[in-house]
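[1] coordinates only, sequence not included:
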């Protein structure tokens, strides 16, 4: 009886284990996120990362001159209720004299794009003789990722050339400065490079510099929608910040359910915009805060 019980238990557990393994081998039945991400990779689909809310503002400065600028990475403080958020300027914008009737003659940086989060930098030494990975954390908005490769720690040549992400391997040559990105364990993302056939491969000893926005995702959505005179929600030292467009577009990383639904659709569309399903897949890929598409 004891031997029969042991054999029965063993058979039961082996059957359960085999069933679970079989389920994880197919996109429809997979449950674990790493299994779903791996299967989606076979379809050429990269899950969307956390996305930062974006706002557009005008910045009026009583002290700035026409040779000054609001530099990339400048932090604006945004408040919503009792909560405070950091917003970063995404590209340098110069000051001009405002010609609008209400503010004529004031020094202003117009239509400055800001995103919730802080710009952070990671650096790695490239070495293809090891299994080293070049990773950015799960809190990163990968749409803001900038990849640079400089010659060495002592020689910064090459730093000014930003590498581009590969979207179509058919147009990537062996010398093109391009990189790939994929999700790995824990929701982190790995940057990897070509093989001197599909994209240039960095040389051993090169410094890989990854710059990205660390964001809280959807938490700051709608910040700035209640902006009123005397009650500004964005602040920058002695400047006055006027909201042109409230923060929107923030979202969490793509869910397992969404990956399972849209990976096959993206594969069918093949980056084409022909059928309504093609447009549905592309809209969901490019606009993270869309809840549904009809």
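    On my side now, so go ahead. Remember, predicted model here, so these are calculated numbers, not experimental data.
[2] who's in contact with the residue nearest to residue 124 when sequence neighbours are not counted?
    Once flanking residues are discounted, residue 124 sits nearest to residue 208: 4.4 Å by C-beta to C-beta, 6 or more residues apart in numbering. In short, each C-beta sits where N, CA and C put it, glycine included. Counting by C-beta atoms under 8 Å, 6 or more residues apart in numbering, residue 208 makes contact with 123, 124, 125, 126, 134, 147, 148, 149, 191, 202.
[3] Same question for residue 238.
    Counting by C-beta under 8 Å, 6+ apart, residue 238 touches 61, 62, 63.
[4] Just send those back as JSON lines, with pLDDT too.
    Shown next, in JSON lines, are those (pLDDT from 0 to 100):
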{"residue": "61", "pLDDT": "90"}
{"residue": "62", "pLDDT": "88"}
{"residue": "63", "pLDDT": "87"}
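[5] Return the members of those residues classed as buried.
    In the contacts of residue 238, burial by neighbour count holds for residue 61, counting by 16 or more other C-beta atoms under 10 Å.
[6] now, among the contacts of residue 238, which is nearest to residue 19?
    Taking C-beta to C-beta as the measure, residue 19 lies nearest residue 61 of the contacts of residue 238, at 65.1 Å.
[7] Would you confirm that the closest one contacts residue 107?
    Yes: between residue 61 and residue 107 a contact is recorded at 5.3 Å, counting by C-beta atoms under 8 Å.
[8] what about the closest residue to residue 196 other than its chain neighbours, which SS state?
    Setting aside the residues directly before and after it, residue 196 is nearest to residue 174 in space (C-beta to C-beta, 6+ apart), at 5.3 Å. Secondary structure, DSSP: H, G, I helix; E, B strand; the rest coil: residue 174 is coil.
[9] Quick one: neighbours of residue 174, just the number.
    12 (other C-beta atoms under 10 Å).
[10] which ones are touching it?
    Counted by C-beta under 8 Å, 6+ apart, residue 174 has contacts 194, 196, 197, 198, 199, 200.
[11] Reformat these as TSV; add distance to residue 11 and pLDDT.
    Below are the contacts of residue 174 laid out as TSV (distance: C-beta to C-beta, whole Å; pLDDT from 0 to 100):
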residue	distance to residue 11	pLDDT
194	49	92
196	52	92
197	49	92
198	48	90
199	50	92
200	54	93
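[12] among those, which ones are buried?
    Buried among those by 16+ other C-beta under 10 Å: 194, 198, 199, 200.
[13] Hmm, residue 171 and the second one touching each other?
    No: with contact defined as C-beta under 8 Å, residue 198 does not count as touching residue 171 (10.2 Å).
[14] circling back to that earlier point, out of the buried ones among the contacts of residue 174, what pair is the most spread apart?
    Pairwise distances among the buried ones among the contacts of residue 174 were taken by C-beta to C-beta; the largest, 9.5 Å, belongs to 198 and 200.
[15] between residue 61 and residue 107, what contacts are shared?
    Residues touching both residue 61 and residue 107 by C-beta under 8 Å, 6+ apart: 68, 95.
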